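> Sharing a sequence plus its predicted fold:
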Amino acid sequence: MSASSVIGTSLTMAKALNEGLRKAMEDDPKVVMMGEDVGKLGGVFRITDGLQKDFGEDRVIDTPLAESGIVGTAVGLAIRGYRPVCEIQFDGFVFPAFDQIVSQVAKLHNRSAGQVKVPITIRIPYGGGIGAVEHHSESPEAYFAHTAGLKVVACADPSDAYWMVQQAIADDDPVIFLEPKRRYHAAKAEIAAAPTPLHQARVIRPGTAATLATYGATVSVALEAAEAAAADGTQLEVIDLRSVSPIDTETVVDSVRRTGRLLVTHEAPLSFGPAAEIAARVQEQAFYSLEAPVLRVTGYDTPYPPSRLENEWLPNLDRVLDGIDRLMSY
Amino acid sequence: MSEHVVAVQPEPDMIQLLTPEGQRVDHPDYPLGLSDEDIAGLYRDLVLVRRIDTEAIALQRQGELGLWASLLGQEAAQIGAGRALRPHDMAFPTYREHGVAWCRGVDPLTLLGLFRGTNLGGWSPSEHNFNLYTIVIGAQTLHATGYAMGVVRDGAVGTGDPDRDTAVLAFFGDGASSQGDVNEAFVWAAAGNLPIVFLCQNNQWAISEPVERQSRVPLYQRSAGFGFPGMRVDGNDVLASYAVTRRALDDARNAQGPTLIEAFTYRMNPHTTNDDPRRYRLGSELETWKLRDPIERVRAYLSREAGYGSDYFAAIEDESKKLAEHVRAGCRALPDPTPQSLFDSVYVTMPAELRAQRDEFVEFVGSLEEASA
């Protein structure tokens, strides 16, 4: 299937990612996929389904089961001129690779005074809400967003998934690419004809009463909340940040200057999370526009809970609406 | 403490081609194939890299370098391995491979920036096929392994074309042998039959920890469990280090897969200029190893067996003095980085937020300069 033919068609996020990866491999022979079970099996989520069959074992590599090895060898491939795409099987399994990501992937361009490029994409199915066991539902983005040299992005819909994964791979900087796994098969959507720039936030629902900013898995929750609030006469503006690092502060600040109120939501725990950073920037840049403190509705500062409790832990529709109530009544 | 002295006795199966007394011995598996002129060239390398090291230590004492990791005692392991490389092979050093850098044609001044604090390395790995120094112990073994994966994908292994077939040489130490990354690199290299040679300089000490803290078996035996050959070479014997590494690199280029070489040597100086080995090892151990000096034995061979006289050694001493002057003057002339360069090369494409931080910083620094003008 020629990848260009998917434009205008309706795909799930999982299929859109698969098509995006396929297109990236067609466009650049230096792109290689590597990870656990990404070959014959197509990955535990089937995101790399069929790629090894079509591009060969040299370009879609079933690796030994060691995450530091996956990322560390990707660094060596990058030095040799390749453009590796690593799949980390689940969010909670990225930590064995933490040293390679933070001390090597992120710093090598700087260490070499700009002479080495590290165009590695590290794909991580992330987030909760799938009834999984421990270590399969985490949101580790703050660790990476805190690290100079890394970019961190999250797709929220099939069209972005298709385009953003290609943009991340084509980017000469290392990109942590977060895929909200519970949205993989949630809904089909049409693949847009052209991409939005990778680090640009997008107003996905215009509104006037307050701004609701989020990314990744909670974008759909935010849209539901906006729908429910609209039924009560409150028009929320919803922003899909798309990029956690760098953050498109300008789009958020522009919106807050119009609405005067901001709620940020994400699954990652509260303290030191992306919402805290956004709140800091908005009060620095739009202090006099604010009619209420910036509020955050996020995961709690606990380990990710057992799955029977995850619906209470996650920033679900009720918790976001409760946050909106507090924001509007301030 | 006496058992530490026992621990550094050479293993009976250690490969040696030149005894500490300067006697050439043959090994059936490792024919040397070097002329006396070649050996004299290795002697020159050994002397010059020791001089670079001596000067760097002095520069640290004078406050010109913040730190130096001395290679004293390990010259033969590094020169032997470094000279076994071909130009298009790739080397992945730790932070102590100054001798390998020399063999790759890297100006010693290039190494000093990291230790002087003027940069974090700053050289291009592809310029001399010598990767940047890597300080996190063992991390570079995975980079080397990934590079070797790339070599295979490029079809640069086992073609029989000596200008095409490429090997990768990964350096690490006895301490790093305990790291997960090193063991993962072994797994990858074995499973992928990769063209890589792992060269462990066992210098007996990981700062204060003797090698017994890292391993119950001799380190070269580790490879057996991963499924590739390992051998121990006298790391103070430049001829054996050369011959064994050359053979392993040939095997790698010929698609025979990885090899582990344990170069049995000794760190004669402190771990770095900040370390004090008197707290953890006996002076008598150092005396034992001085008798196995990597340079003296080559000099003994050249003068006794190969007819090299005082003229030759004097000429190298002259060259050594010139090199020392180059290192001293060049070190002091290394430019300090500009404050603005803080923000350079963090990203290939600088994000707006970082640009804003840079602009604010530049304005702030400018305001200070204005105030003091």
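Alright, I've got the coordinates. Numbering: from 1, shown residues only, chains lettered A, B, ... in the order given.

> rest of the way, CA atoms for contacts and neighbours
Fine.

> Outline the domain layout of the chain.
Since you didn't name a chain, this refers to chain A. Dividing chain A into domains by automatic domain parsing, as the record does, gives the ranges A:3-190, A:202-328.

> meant chain B actually
Domains of chain B are assigned by automatic domain parsing as B:14-332, B:339-372.

> Quick check: phi and psi at B:Gln179.
Phi and psi for B:Gln179, reported as degrees, to the nearest 10, are phi -70, psi 140.

> How about the residues of the stretch 151-300 of chain B by chain A?
Proximity of the stretch 151-300 of chain B to chain A (C-alpha under 8 Å from any C-alpha of the partner chain) is limited to residues B:151, B:153, B:181, B:184-185, B:187-188.

> Take those residues and write them to a markdown table, including distance to B:Glu319 and secondary structure.
As requested, these are exported to a markdown table (distance: C-alpha to C-alpha, whole Å; DSSP: H, G, I helix; E, B strand; the rest coil):
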| residue | distance to B:Glu319 | secondary structure |
| --- | --- | --- |
| B:Val151 | 37 | helix |
| B:Arg153 | 43 | helix |
| B:Asp181 | 40 | helix |
| B:Glu184 | 43 | helix |
| B:Ala185 | 40 | helix |
| B:Val187 | 44 | helix |
| B:Trp188 | 43 | helix |
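
> thinking again about what came up before, mean pLDDT lowest for which of the domains of chain B?
Of all those, domain B:339-372 carries the lowest average pLDDT, namely a mean of 94.

> what about that one and chain A, any contact?
Yes: contact check for domain B:339-372 against chain A, using C-alpha under 8 Å from any C-alpha: residues in range are B:344-349, B:351-353.

> would you turn those into a markdown table with secondary structure and neighbour count?
Formatted as a markdown table, these follow (DSSP: H, G, I helix; E, B strand; the rest coil; neighbours: other C-alpha atoms under 10 Å in any protein chain shown):
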| residue | secondary structure | neighbour count |
| --- | --- | --- |
| B:Asp344 | coil | 17 |
| B:Ser345 | coil | 21 |
| B:Val346 | coil | 23 |
| B:Tyr347 | coil | 23 |
| B:Val348 | coil | 20 |
| B:Thr349 | coil | 11 |
| B:Pro351 | coil | 16 |
| B:Ala352 | helix | 14 |
| B:Glu353 | helix | 14 |
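
> before we move on, back to that, can I get the domains of chain A in a markdown table including mean neighbour count and distance to chain B?
Compiled in a markdown table, the domains of chain A are given as follows (neighbours: other C-alpha atoms under 10 Å in any protein chain shown; distance: least, C-alpha to the nearest C-alpha, whole Å):
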| stretch | mean neighbour count | distance to chain B |
| --- | --- | --- |
| domain A:3-190 | 22 | 4 |
| domain A:202-328 | 20 | 6 |
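
> Can you lay out the ones you listed as a markdown table showing mean pLDDT?
Formatted as a markdown table, these follow (pLDDT from 0 to 100):
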| stretch | mean pLDDT |
| --- | --- |
| domain A:3-190 | 97 |
| domain A:202-328 | 98 |
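
> Out of those domains, the one nearest B:Leu199 is which?
When those are ranked by proximity to B:Leu199, the top entry is domain A:3-190, at 17.1 Å, counting by C-alpha to C-alpha.

> quick check, distance from the closest one to the centre of its chain.
The chain centre lies 11 Å from the centre of domain A:3-190; the measure is C-alpha atoms, centre = their mean, to the nearest Å.

> circling back to that earlier point, can you select the buried ones among the residues of the stretch 151-300 of chain B next to chain A for me in PyMOL?
Here is the PyMOL selection string for the buried members of these, based on 16 or more other C-alpha atoms under 10 Å in any protein chain shown:
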select buried, chain B and resi 151+181+184+185+187+188
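
> Among the residues of the stretch 151-300 of chain B next to chain A, which pair sits farthest apart?
Of all the pairs that these form, the one spanning the most space (C-alpha to C-alpha) is B:Arg153 and B:Asp181, at 22.2 Å.

> got a markdown table for the domains of chain A, with distance to B:Gln204 too?
As requested, the domains of chain A are arranged in a markdown table below (distance: least, C-alpha to C-alpha, whole Å):
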| stretch | distance to B:Gln204 |
| --- | --- |
| domain A:3-190 | 26 |
| domain A:202-328 | 42 |
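
> Nearest to B:Lys322, out of those?
With distances scored as C-alpha to C-alpha, the stretch of these nearest to B:Lys322 is domain A:3-190 (28.7 Å).

> Which residue is the nearest non-sequential neighbour of residue 255?
You didn't pick a chain, so chain A it is. Nearest residue to A:Ser255 in three dimensions, chain neighbours excluded: A:Thr211, at 6.6 Å (C-alpha to C-alpha, 6 or more residues apart in numbering or on different chains).

> nope, chain B please
Here the residue nearest B:Ala255, using C-alpha to C-alpha, 6+ apart, is B:Gly158, at 4.9 Å.

> Would you quantify the distance from that neighbour to chain A?
16 Å (C-alpha to the nearest C-alpha, to the nearest Å).

> Torsion angles phi and psi at that residue?
Listed backbone geometry of B:Gly158 is phi 70, psi 20, with angles given as degrees, to the nearest 10.

> Then A:Gly128?
Here A:Gly128 shows phi and psi, under degrees, to the nearest 10, equal to phi -110, psi -160.

> In three-state terms, label the residue lying closest to it once chain neighbours are set aside for me.
Beyond its immediate neighbours in the sequence, the residue positioned closest to A:Gly128 (C-alpha to C-alpha, 6+ apart) is A:Ser137, lying 4.0 Å away. When the structure is reduced to helix, strand and coil (DSSP: H, G, I helix; E, B strand; the rest coil), A:Ser137 reads as coil.
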